[in-house]
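> have a look at this prediction, sequence included:
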Amino acid sequence: MRRAGGGARTGRRARAARDTAVTGTTDTGTATDSGPAAARAAEADAGPAAARTAEADTGTGAARTTDPPRTHRPATGIRLEGVTVAYGGNTVLDSLDLTVGPGEFMALLGPSGSGKTTALRAVAGFVRPASGRVFLGDRDVTDLPPHRRGVGMVVQQYALFPHMRVDANVAFGLRARRTPRAETAARVAEALETTGMAAYARRYPRELSGGQQQRVAIARALAVRPDVLLLDEPLSALDARLRSGMLAELARLHRELPGVSMLYVTHDQVEALTLADRVAVMDRARLQDCGTPHDLYRRPRTAFTASFVGDANLLPVTVAAGGGVEFAGTVLDVPVPASAAPGASATLCVRPHLVGLGDGPNVLRGTLAELRWRGATHRLYVEVGGHRVEADVRELRETPPPGTEVSLHFAARDAVLLPAGAGEDEGGAADGRRRAG
Amino acid sequence: MGAAGRGSGERGAGRRWVLALPPVLVLGLVFLYPLALVVQQSVSPDGGGHSVAAYGQVFAESAFRGALRNTVLIAVGATVGALLLGFALALVVAFVPFPGGKALSRFIDVFLSFPSFLITLALLFVYGTAGMANGLWTGATGAAEGPFDFLHTPWGVLLAEVTYFTPFVMRPLLAAFSQVETAQLEAAASLGAKAPRIVRKVILPEALPALAAGGSLVLVMCLNEFGIVLFTGAKGVTTLPTLVYGKAILDGDYPGACVVAVVDIALSVALYGLYRVLSSRAAPAAPSSRPSRPSRSPRTDGVRRARA
Amino acid sequence: MLVHSRRARVCVWAAFLVVFLPVFALPFLVIVAASFATGWSGALPSGPTLGHYRDAVRGDALDALVTSLLTAAAASALALALGTWAALSAHALRGRARRAMDLLFMLPVAVPSVVVGLSLLVAFSRPPVLLNGTRAIVVLAHTVLVTAFAYRSVTAAVTRLDPAYEQAAASLGASPPYVLWRVRLPLLLPSLSAAAGLCFALSMGELSATMMLYPPDWLPLPVKVFAATDRGALFSGAALAVVLMVTTLLALSAVARIRTKATYR
C-alpha cells in the first residue's frame, strides 16, 4: 500500500497540506474518546488516511521512502462499527463497536472464546466480518486484504521466519515494499536498537530464547513504521520472569512511540491494567465494558467486569424507597442512579479490600465462616443473610475463631450499583457511552 | 463450508478457484482426455460407428478370462501374503526393538524407491533353472536338475509380488504402531497378559485401519503390476496389464486393448475408491474447517494424548 | 517392549532375520553378485568379471542411462511444478472443490500405468497433437504417473505449514505472490526436495508405460534391462540394474542432503 517515487512525494505534499488544514476538525471516530489519546486525536486524523488511500489507488511502487520524521507523523486510530463475525451458525463476535484513538493503547481483555482475538484478526484482515465496517483512521479497510492495511502484528507464537536471520526477518516488510537498500538497513538497525536486539542481527530465530524471539517479532512489526500495532497475547508464551520484563518493555515502547495506536489482546488482567490507556472487556462474543483501567476497576458497569477485573463482592439488593438499597434486611446508603425505580432489584459491587472490619457506615452483620491468612492481609468470609461477603483486612494480630459474630462496613463512595443481571446482555454499545478519566 | 468465504469467517475463497484452473486443465489434457479417448475407442470399431461388439468379442476370448482370473487371484493372494508378512515383521521392528532398527526403516524406504522388476530379476538368480537354489540342490544331491521350477508359473509372480509389496504394508503399520503407547502395553503385561493376547487385544485393533488402508493400496498396485509379470516372461501367466500391452503393441489390436483397459480401469478405480475411504478413516480426524487458531491445536492434541 | 525374557527376544530376532534377510536383502545382494559374474550354477556365482560394467558404461547402455536420467529429471521437474501448483491452489479451496482436486490428482495412482501409456498412445497418435514416436511422449507419460506423488507430498506439507507465517508476512505488507516466493516456498523446500527425490526415483524405474511408448532413439534404462534379460543376457542385465539402483540412490541422497541443509539452515 505504500507507494514510491512520485506517488509518495505528492502523497507527502498532500499530507502536509492536510495536516494544517484539518487541525481542529472533529472526527466522528474519535469524538467519543477522551483521556490521553483525545488530544492527539483532535490534532489530525482524516488527512493522512485520505492521503494514503489516494496513494494506494495510484501507483505501483512500494516504499514510503520520504516519510517525515516519526514525531511529526499524524497518527491513525482504529474504529470498528458493528463488526459481526460468524463461522457457520456460530457467532464469535457480535456487533462490536470499538474505537481506539490515535496513539492510544487499548487492551482487549476477556476469557478465551470471548471474541477478542477475532476482533484483532478482523482489524488485521484475516477475518472477514459478516457485517459491520473496520476503519483505520478514516479509511474503510473492511474489504482490503491484510497486506494492504499497513498494520503491524505480533502474535503469541512469534511466527518468525525460521529460514531467515534476525536482520532479514526485520527487513522483511521493508523489502516487500521495495524500500531502498540503505534505508532498509538503517530502519532495521533502528528497530533492533529499539528492542535491544542489535547484537543478535546475524542469528537465526531458533538460536534465540523465547523472550528474544518476541523482541525480534516486535522489531519486525515496528520496522515498517505502522500506525497501528496489533498484539495478540504476545507474552503468554513466556515464563513469569521474562513476562514482567517484557511488560516494562512494552510500556516503554508505548511511551516512545506516541503516534502508534496499539490494540493488545490478553486474558491477563495485570497486563491489561498495567499497559493500557483503556481496556475493553469482552465476554461471550460481546463487548461488556470499556474504560480506563482505573475506571473499570473502581466503577465497573457490569457484574462480569467487576468479577473479571479484580475480586468483587456482588450482592443482590433492592432499591429502597427512601434512597439507598436494601440488602439482607439492612438499608445501605449507597449512591443510586436516578433511573433506578424503588423496588427494582440490582447488584451491589464492593471490592473486598474496601470492606473494613468493625463498625462504621454501611454496616453488615454476620457470622465469620472462614478466615485465610494471605501474608500482608487476612481474608474474611462472612455469612450475611445467606450471602457470603469477602473482606480483605490488614493482617490481624488476634484472629477471631470461625462462628464469631462480626461487623463489616464500607464507605458509600466505594460501592457501585449495577443493574440486576448486568453482564448478561449488556455492554454491546458500552464504548462511547462511557467516559474515560 | 463452500460459502464460508463469502459470508464471514476466514478471508474469502472468492476467486481462488481461478488459480486452480491451470493445473486442472493440464492434467485434464494429458490424463483425462486420453482416458476418455480410450473409452471412446473401445466402443468404436475400426469400421466406424459405435458398437459394444468389441466387448462381447473380448469377453468371449479365453485369454481375457484367464487374464482376469489371474489378475484377481494373484493380486488377492499377494495382498494377503504381504499383509501377514508385513504385520509380523512390523510387529518385531516396533515392539521388540533391536540395534539397527533405524537403519532397517531406512532400508525399507530405499526398497520402496526401486522398480519392481528388479525382484523378478533377483529371483531368477535365486530360483532360476541355473540359479543359486537349484545349484545348491544339484551340488548336494548330484541330480541333473533342481526341484525349483516355479518362477514361470503364477507362483513365481506371487512370490515376487509378496516380496516387493510387503514394505508397502510395513510403512503405514510402523506409523500406526508408533502411536501405541508403551504404557498401555506395560499395563496389559502387568495385568498378566501374554504377548499373543496383547497383540490380539491391544495392538491389532490399533493397527486395523492401517492394515486396511495398506492392504487396499497394495491390492490396487498388485492389480496394476506389470514389470514383475513381464520379467517372468512366462506365456502362461497373463494379467490384464500384460494383456493390454500384448494386444496393443504386439498384436496392434487397439480396440481390443482399449476394451481390456476399460475393464482394468474400472477394477482398479473401484478398489482405489475403497482405499481412499479406508485410509481417510485410518487417518486422524481431519482438522476442522474452522481455521481460527490452528497453531494451538497441536498443543491441545498433545495434552489430550498425554491425558488419555 | 513386548517380549521380556532375553532368550525369547533373541528367538524373535532370529526368526525375523531368517525371514527378512533372504526375502528382502538377498535380492539386491544377488543382483550385485551376479553383475560381477559370468555364470551361476552353484551356491555362489562363478567367473568373476568386470566386463558387464565395462559394457554398461559405454555405447547403448550409456545412452540408456543418460536417457533415463534426462527423462527422470524432466518428468520430476514438470511433475513437481504441476503438483506443487495444484497442491497450493487446492489448499486455498474449501469443501467440495478441494476434494475434487484431491480426487483428480490422485487418480493417476489408481489407473494402471500400462493403461496410462495406452491412453497417451491413443490420444496423441492423431491430430491435433502428434507425439507418437517422440521423446516428449515418454516424458509426458512419466510426468502423468509421478505427479500424483508430488501432489500428495506437497499437500501433506502445506497442511502442516503454520498459517501464522504467511499471516505475519501479509501483515507486514507482503502481497500473496511475494509471500509465496519468500516465505511459503522456502518453508516448503524440505518437502519439495523430498517430493522431487521420490518422483525422480519412480521415473528412473518406470517400465510399464515406457514399454508402450518408447521410440527407438529414446530407450530408458529399465527397458534396456528388460531387453537384456529377455534375450537371456541375465548377467549384463544385472549390471545394468545395479547401475540403475546406484544412480537412483545417488539422486536420493543428493536430495536428502539438500533437505537437511534446508531444514537446519
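Received, thanks. Residues are numbered from 1 along each chain as shown, chains lettered A, B, ... in the order given.
> host element of the residue nearest to residue B:110 when sequence neighbours are not counted?
Distances taken as C-beta to C-beta, 6 or more residues apart in numbering or on different chains place residue C:249 nearest to residue B:110, at 6.8 Å, with adjacent residues excluded. Just so you know, the C-beta spots here come from the backbone N, C-alpha and C atoms, and that holds for glycine as well. Using DSSP states H and E, residue C:249 sits in helix C:234-264.
> re earlier: so the residue nearest to residue B:110 makes contact with residue B:107?
No - using C-beta atoms under 8 Å, residue C:249 is not in contact with residue B:107, being 11.5 Å away.
> and residue A:371, its phi and psi?
The phi/psi pair for residue A:371 (degrees, to the nearest 10) reads phi -140, psi 130.
> tally of neighbours for it?
Residue A:371: 18 surrounding residues under other C-beta atoms under 10 Å in any protein chain shown.
> before we move on, what about residue A:243?
Residues contacting residue A:243 under the criterion other C-beta under 10 Å number 18.
> give me the secondary structure label for the residue of the stretch 151-300 of chain A found nearest chain B.
Chain B sits closest to residue A:157 of the stretch 151-300 of chain A, with a gap of 5.2 Å, by C-beta to the nearest C-beta. Of the three states, residue A:157 takes coil under DSSP: H, G, I helix; E, B strand; the rest coil.
> what does the one 10 residues further on give?
Assigned state for residue A:167: helix (three-state reduction, three-state DSSP).
> wouldn't it be in contact with residue A:190 here?
No - with contact defined as C-beta under 8 Å, residue A:167 does not reach residue A:190; the gap is 11.9 Å.
> out of those two, which sits in the more crowded spot?
Neighbours per residue, other C-beta under 10 Å: of residue A:167 and residue A:190, the larger number sits with residue A:167, 23 against 17.
> just give the nearest non-adjacent residue to that one, would you?
Leaving aside its sequence neighbours, residue A:167 sits nearest to residue A:201 (C-beta to C-beta, 6+ apart; 4.2 Å).
> identify the residues contacting that neighbour.
Contacts here follow C-beta atoms under 8 Å, 6 or more residues apart in numbering or on different chains; on that basis residue A:201 touches A:165, A:166, A:167, A:170, A:188, A:192.
> burial measure for residue C:22, as a count.
Residue C:22: 14 neighbours (other C-beta under 10 Å).
> what is the nearest of the contacts of residue A:201 to residue A:261?
Of all the contacts of residue A:201, residue A:261 sits closest to residue A:170, with 21.1 Å by C-beta to C-beta.
> quick one, what contacts the closest one?
Per C-beta under 8 Å, 6+ apart, neighbours of residue A:170: A:188, A:191, A:192, A:201, A:216, A:219, A:220, A:223.
> now with 6 Å?
For residue A:170, the contacting residues are A:188, A:191, A:219, A:220, A:223, by C-beta atoms under 6 Å, 6 or more residues apart in numbering or on different chains.
> the strand or helix carrying the third one near chain C at all?
Residue A:219 is part of helix A:210-223 when elements are defined by DSSP H and E. No - no part of helix A:210-223 sits close enough to chain C to count as contact by C-beta under 6 Å from any C-beta of the partner chain; the gap is at least 6.8 Å.
> show me what the next helix-or-strand element following that helix is packed against.
As assigned by DSSP H and E, the chain's next helix or strand after helix A:210-223 is strand A:228-232. Applying 3 or more C-beta pairs under 6 Å, 6 or more residues apart in numbering or on different chains; DSSP states H and E, we find strand A:228-232 packed against helix A:116-124, strand A:151-155, strand A:261-266.
> which residue does chain A have closest to chain C?
Closest approach between chain A and chain C, counting by C-beta to the nearest C-beta: residue A:173, at 3.3 Å.
> report the secondary structure state of that residue.
Residue A:173 ends up helix, using three-state DSSP.
> check contacts around the spatially closest residue to it that is not a sequence neighbour.
Counting by C-beta to C-beta, 6+ apart, residue C:172 is the residue found nearest to residue A:173 once chain neighbours are left out, at 3.3 Å. By C-beta under 6 Å, 6+ apart, residue C:172 lies in contact with A:172, A:173, A:224.
> which of those residues ranks first by neighbour count?
residue A:173 (29 neighbours).
> was I right to think that residue contacts residue A:222?
No - checked against C-beta atoms under 6 Å, the pair residue A:173 and residue A:222 is beyond contact range at 9.5 Å.
> hmm, back to that, ok, the contacts of residue A:201 vs residue B:88, which is closest?
residue A:165 (49.6 Å).
> what's the local residue count around that closest one?
A total of 18 residues lie near residue A:165 under the criterion other C-beta under 10 Å.
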